[in-house]
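Trainee: return a 3D structure for these sequence lines:
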Amino acid sequence: IVGEIMKRFKSVSKKKKIQRKIIIFLLEIIISLLIVIFIKNNFKLSESKIKYLTYSYLGKMERKKEMIKNEIKVFNERAPNVYIYNTHQTEKYAYNKVNSYNLDYDVYFASFILKSYLNDFGILSTVEDEKVSKVLSDKGLTYKDSYIASRFLLEKAKENNNDLKYFIDLHRDSATYEMTTCKYDGKSYAKILFVLGMEFEGYGENEKMINYLNEKLKSINPCLSRGVSKKSGKGVNGIYNEDFDKNLILIEVGGQYNNIIEVSNTLEIFAKILSLYINEDSNEKT
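Mentor: Here you go, the predicted model:
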């Protein structure tokens, strides 16, 4: 069911691209052999020339086979370095006409869409699948303590995979449809709001990442971004676990009235600009 829905998003994973290469490779072998057979049956060539043609084609195919095999190996051996999670896992999006499978489209579902798009750009990521509600229950906490629960999952994930370097807490807002929706080029998008906690030392480092992504988003189309919401003072969390790592950010993608197609349209663009940030950040460190 999820596979059918993902086709609607036109999301092609890195693995699917490799599978396509394998299919093309097999077709090339068949065509090459047919060419050799055709030449042998229709032209007067010496055995040595026929052997040369045969080995030439097959040698080329063998080199391509090794290249594809190495590409698969490298991709599969890489550890994900983006961790996507949802402090509020049950935040739901609106139903729409494509919801023929009676699924609940929520921020958890959206996280897998983001993961798929990141794979398209060669960035491996992982989505937290442990339930925040279970952590709250196990630790005797309530819903208002959700950031404590997601902090526990963050620490656990980092402990299990030291290659994780970027952390995305994906939420959705509860604002009006007009406030959370952007339309251009005949498509509808769910706007992104970046949330920056300012009640911890070093928040400026997180702000650098947020500003980069926000500016890139606005350069594609200004209406895609709702800007940066800076949080401090009474009645707000003020930290949002962003003190965990300088590359941890919280984004609100759309709102309760946006449908999953609008969310997917936006996440495709966000995955692109996030991959740009990661590649630039990696190049600076090397």
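Trainee: in the stretch 101-250 of the chain, which spans are helices?
Mentor: Counting by DSSP state H, counting those that start in this stretch, the stretch 101-250 of the chain has helices at residues 107-120, 132-138, 146-160, 177-180, 203-220.
Trainee: isn't K92 right up against Y108?
Mentor: No: distance between K92 and Y108: 9.7 Å, which falls outside the contact criterion (C-beta atoms under 8 Å). Where C-beta positions appear, they are placed from N, C-alpha and C, glycine not excepted.
Trainee: between the two, who's got more neighbours?
Mentor: Neighbour totals were compared for K92 and Y108, and Y108 leads with 22 against 13 (other C-beta atoms under 10 Å).
Trainee: pLDDT value on the more buried one, please?
Mentor: Looking at Y108, its pLDDT reads 95.
Trainee: Y203 against G197, yeah?
Mentor: Yes: using C-beta under 8 Å, Y203 is in contact with G197, at 6.3 Å.
Trainee: can I get the helices of the stretch 101-250 of the chain in TSV including distance to I251?
Mentor: Formatted as TSV, the helices of the stretch 101-250 of the chain follow (distance: least, C-beta to C-beta, whole Å):
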stretch	distance to I251
helix 107-120	10
helix 132-138	17
helix 146-160	14
helix 177-180	12
helix 203-220	8
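Trainee: which of those sits most buried?
Mentor: Ranked by mean neighbour count, these are led by helix 107-120 with a mean of 23 (mean count of other C-beta atoms under 10 Å).
Trainee: how about it as CSV, C-alpha atoms only?
Mentor: Output of helix 107-120 as CSV, limited to C-alpha atoms (Å, rounded to 0.1, in the frame of the first residue of the first chain):
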residue,chain,number,x,y,z
VAL,A,107,4.5,13.6,10.4
TYR,A,108,5.9,10.1,10.8
PHE,A,109,4.7,9.2,7.3
ALA,A,110,6.2,12.5,6.0
SER,A,111,9.5,11.5,7.5
PHE,A,112,9.7,8.5,5.2
ILE,A,113,8.9,10.7,2.3
LEU,A,114,11.8,13.0,3.2
LYS,A,115,14.1,9.9,3.6
SER,A,116,13.2,8.7,0.1
TYR,A,117,13.9,12.1,-1.4
LEU,A,118,17.3,12.3,0.4
ASN,A,119,18.2,9.0,-1.0
ASP,A,120,17.5,10.4,-4.5
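Trainee: helices or strands next to that helix in the packing?
Mentor: Applying 3 or more C-beta pairs under 8 Å, 6 or more residues apart in numbering; DSSP states H and E, one finds that helix 107-120 contacts helix 2-8, helix 14-42, strand 82-85, strand 125-127, strand 166-173, helix 260-285.
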